[in-house]
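In: for reference, the sequence and a predicted model appear below.
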Amino acid sequence: MSTNTVRHFMPLDLAAVQLICYDTALRGATLRGVFDDVRLVADAILLYHIKVEPDSFLVAGAETRVSGYIAGCVDTRRFDRLYRRRVLPSLVLRIATQGHWAHRICRRLLYDSMAYGRVLHAQRQRFLEAYPAHLHINVAQSARGAGMGSSLLAAFTAHLATHGVCGVHAVVQSPHGAAFFAEHGFTVLAHYQSPPLLHLPPADVRIMGLTCMDTHSKGKPELLDTALNGATREL
């Protein structure tokens, strides 16, 4: 048994969160042996949260060993706008200058990811007034089943409450993930088929949302401090 703590992301956590992200990037499976640039894959998913909105990036683990994270934003429209402006250009430059574009698998991964993003963007537009925030949660396989995901989610929703955010949504691609979010009060907002991804067929995707604003909580950062302190527990 070890004490696990939820806290804000710090630069020393970078390698750990990149690896967790990479090892689940292919619909919950690793990209090892398919596309081996761990940093590029992780940056495509996490760089916005590191560079633009680090306050919405929480990690969990024992002491300095991170085993899970939740990366989100308070405003998805702002996320879309700033991702295109501050993250995407650097990713494109790296793909073009580091030799990735010469490999068919990289081009296929890029095309399929863009198709996935277009479908997701279209699907969630009608929910953004009521559920403007979004989150991406990930726990290492070895740390699952011990409550870490629940602790991360509780801390993140407390963070949203301090900003007066009325709702949050998550994109879910597995029955296990859908059950986890349903257990924490999320309901299905949309249910659709995503495009294929590399060798994988179209996936069953749910957008799930939670109404989370407590009007008495807005502007009270001590609520987040309480949630973070309360997330320190024996797991």
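Out: Thanks, I have it. Numbers count the residues shown, from 1 in each chain.

In: in this protein, where's the longest helix?
Out: helix 104-124 (DSSP state H).

In: report the angle between the helix or strand following that one and helix 104-124.
Out: Counting by DSSP states H and E, the next helix or strand C-terminal to helix 104-124 is strand 133-139. Strand 133-139 and helix 104-124 are oriented at 130 degrees to each other (axes from the mean of the first three to the mean of the last three CA atoms, to 10 degrees).

In: what comes into contact with strand 133-139?
Out: Strand 133-139 is contacted by residues 20-21, 24, 45, 60, 67-76, 79, 124, 148-149, 152-153, 156, 160, 165, 167-171, 212 when judged by CB atoms under 8 Å, 6 or more residues apart in numbering. C-beta here means a position set from N, CA and C on the backbone, and glycine is covered the same way.

In: beta partners for residue 169?
Out: residue 134, residue 209 (DSSP bridges).

In: any idea how far residue 196 is from it?
Out: Applying CB to CB, to the nearest Å, the value for residue 169 to residue 196 is 23 Å.

In: so between those two, which is more surrounded?
Out: Legend: neighbour count by other CB atoms under 10 Å for residue 169 and residue 196, higher for residue 169 (25 against 14).

In: my guess is that one contacts residue 189. True?
Out: Yes - with contact defined as CB atoms under 8 Å, residue 169 reaches residue 189; the gap is 6.4 Å.

In: can you pull out the helices in the protein?
Out: Going by DSSP H, the chain shows helices at 14-22, 38-51, 76-82, 88-97, 104-124, 148-162, 175-183, 221-230.

In: closest one to residue 207 among these?
Out: Taking CB to CB, helix 104-124 is the member of the helices of the chain nearest to residue 207, at 5.7 Å.

In: can I get the CA coordinates of the closest one in PDB?
Out: The C-alpha coordinates for helix 104-124 follow below in PDB (Å, rounded to 0.1, in the frame of the first residue of the first chain):
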ATOM      1  CA  ARG A 104       3.200   5.700 -45.100                       C
ATOM      2  CA  ILE A 105       2.100   4.700 -41.600                       C
ATOM      3  CA  CYS A 106       2.600   8.200 -40.300                       C
ATOM      4  CA  ARG A 107       0.600   9.700 -43.200                       C
ATOM      5  CA  ARG A 108      -2.200   7.200 -42.500                       C
ATOM      6  CA  LEU A 109      -2.200   7.900 -38.800                       C
ATOM      7  CA  LEU A 110      -2.400  11.700 -39.500                       C
ATOM      8  CA  TYR A 111      -5.200  11.300 -42.100                       C
ATOM      9  CA  ASP A 112      -7.200   9.000 -39.800                       C
ATOM     10  CA  SER A 113      -6.700  11.300 -36.800                       C
ATOM     11  CA  MET A 114      -7.800  14.300 -38.700                       C
ATOM     12  CA  ALA A 115     -11.000  12.400 -39.900                       C
ATOM     13  CA  TYR A 116     -11.700  11.400 -36.300                       C
ATOM     14  CA  GLY A 117     -11.200  15.000 -35.200                       C
ATOM     15  CA  ARG A 118     -13.600  16.400 -37.800                       C
ATOM     16  CA  VAL A 119     -16.400  13.900 -36.800                       C
ATOM     17  CA  LEU A 120     -15.900  14.700 -33.100                       C
ATOM     18  CA  HIS A 121     -15.900  18.400 -33.700                       C
ATOM     19  CA  ALA A 122     -19.200  18.200 -35.600                       C
ATOM     20  CA  GLN A 123     -20.800  15.900 -33.000                       C
ATOM     21  CA  ARG A 124     -20.100  17.900 -30.000                       C
END
